[in-house]
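Undergrad: sequence and predicted structure, then a few things I'm wondering about:
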Amino acid sequence: MTLSKNKKIYFASDQHLGLPNHKDSLVREKNFIKWLNTVKKDAEAIFLLGDLFDFWFEYKKVVPKGFVRVLGKLAEIKDSGIPIYFFVGNHDLWMDDYFEKELDIPVYHSPKEFTINKKIFLIGHGDGLGPGDKGYKRMKKVFTNPISKWLYRWLHPDIGMRLGVYLSTKNKMISGDEDAKFLGEENEWLAQYCKRKLETKHYDYFIFGHRHLPMEIEVGKNSTYINLGDWISHFTYGVFDGKDVELKKNEIKIEPK
């Protein structure tokens with residue numbers, strides 16, 4: 001991928017729409033849409049790195065109720081010719097083909113390499129990577145198993161959605177979430193993951209979400225790990241201008257009434 005003149009690449013993650021209730025989530029959804037309206041003016045592409053929804057499950061003919069504003073905006077942007085790439089997070093890991101069929105947005109279930117303006121990126125959500133967190137890693141294998149998804153579909157959507165929302169917010173092992181506290185550069189497990197990847201190949205940038213903490217850590221010579229933060233507390237995002245990636249904060253926000 002090569003950037004056109006005056007164009008940029010945008011990265012955002014962890015909006016968790018639906019959390020903690022409809023009223024508060026709607027404010028965040030409108031804020032995120034306002035940001036999308038701003039960045040579409042000079043976006044070469046937009047990368048969404050997972051947990052757009054706090055819970056998402058696709059039945060054969062049913063998807064979760066709500067979120068029409070953000071889904072419509074993504075469709076509009078994609079139809080205008082701006083590519084959008086979506087990486088599932090631990091809260092929307094049960095995403096199937098709805099985005100691909102309805103919005104023409106590719107969906108990735110693991111980190112993927114991109115070369116942009118001769119810079120090599122490794123991009124993903126970030127859950128289950130690096131050392132530790134063995135309980136969640138085992139749980140993720142169970143949840144991503146095709147048999148598990150097939151069995152879950154037998155639940156009526158009213159029951160399945162209510163159960164999924166409950167587990168997403170209440171069970172930390174199932175959701176894979178941790179308290180958003182900086183662990184120090186040497187203890188951040190995604191930074192450790194990046195350093196291990198550098199043992200076999202050079203990457204200029206590692207872009208992840210999941211940690212809900214905006215951070216930028218040098219993990220090797222000319223190699224940087226960037227975490228995008230979230231849209232719950234920080235409202236941060238990443239932008240690549242063709243040379244460097246910069247973390248920025250969305251300052252223009254709609255306040256709750």
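TA: Received, thanks. Residues are numbered from 1 along each chain as shown.

Undergrad: ok, then the element right after the lowest-mean-pLDDT helix or strand in the chain?
TA: Across the helices and strands of the chain, mean confidence by mean pLDDT, DSSP states H and E is lowest for helix 172-175: a mean of 50. Toward the C-terminus, helix 172-175 is succeeded by helix 189-197 as the next helix or strand (DSSP states H and E).

Undergrad: what does that next one rub up against?
TA: 122, 126, 129-133, 183, 185, 203, 206, 208, 210-211, 217, 219-220, 223, 225, 227 (C-beta atoms under 8 Å, 6 or more residues apart in numbering). C-betas here are computed from N, CA, C, even on glycine.

Undergrad: cutoff 7 Å now
TA: Contacting residues not belonging to helix 189-197 are listed as 122, 126, 129-132, 185, 203, 206, 208, 211, 217, 219-220, 225, 227 [C-beta atoms under 7 Å, 6 or more residues apart in numbering].

Undergrad: in it, which residues are buried?
TA: Buried residues in helix 189-197, defined by neighbour count with 16 or more other C-beta atoms under 10 Å: 189, 190, 191, 192, 193, 194, 195, 197.

Undergrad: picking up where we left off before, so among the contacts of helix 189-197, which ones count as buried?
TA: So, by 16+ other C-beta under 10 Å, the buried ones in the contacts of helix 189-197 are 122, 126, 129-130, 203, 206, 208, 211, 217, 219-220, 225, 227.

Undergrad: take these and keep only those in strands.
TA: If you go by DSSP state E, the buried ones among the contacts of helix 189-197 have 122, 206, 208, 217, 219, 220, 225, 227 in strands.

Undergrad: which of the residues you listed lies closest to residue 159?
TA: Comparing those against residue 159 with C-beta to C-beta places residue 208 closest, at 33.2 Å.

Undergrad: can you check the pLDDT for the closest one?
TA: Note on residue 208: pLDDT of 97.

Undergrad: can you map out the helices along this protein?
TA: With DSSP state H, the ranges of helices along the chain come out as 22-39, 68-79, 98, 134-143, 146-152, 157-170, 172-175, 189-197.

Undergrad: what helices and strands are in contact with the second one?
TA: Translated: helix 68-79. The contact analysis (3 or more C-beta pairs under 7 Å, 6 or more residues apart in numbering; DSSP states H and E) places helix 68-79 against helix 22-39, strand 84-87.

Undergrad: go with 6 Å
TA: Helices and strands touching helix 68-79, by 3 or more C-beta pairs under 6 Å, 6 or more residues apart in numbering; DSSP states H and E, are helix 22-39.

Undergrad: need the residues that contact the helix it packs on.
TA: Contact with helix 22-39 is made by 10, 15, 17, 18, 69, 70, 73, 231, 250, 253, 254, 256, as judged by C-beta atoms under 6 Å, 6 or more residues apart in numbering.

Undergrad: good, we can wrap up now.
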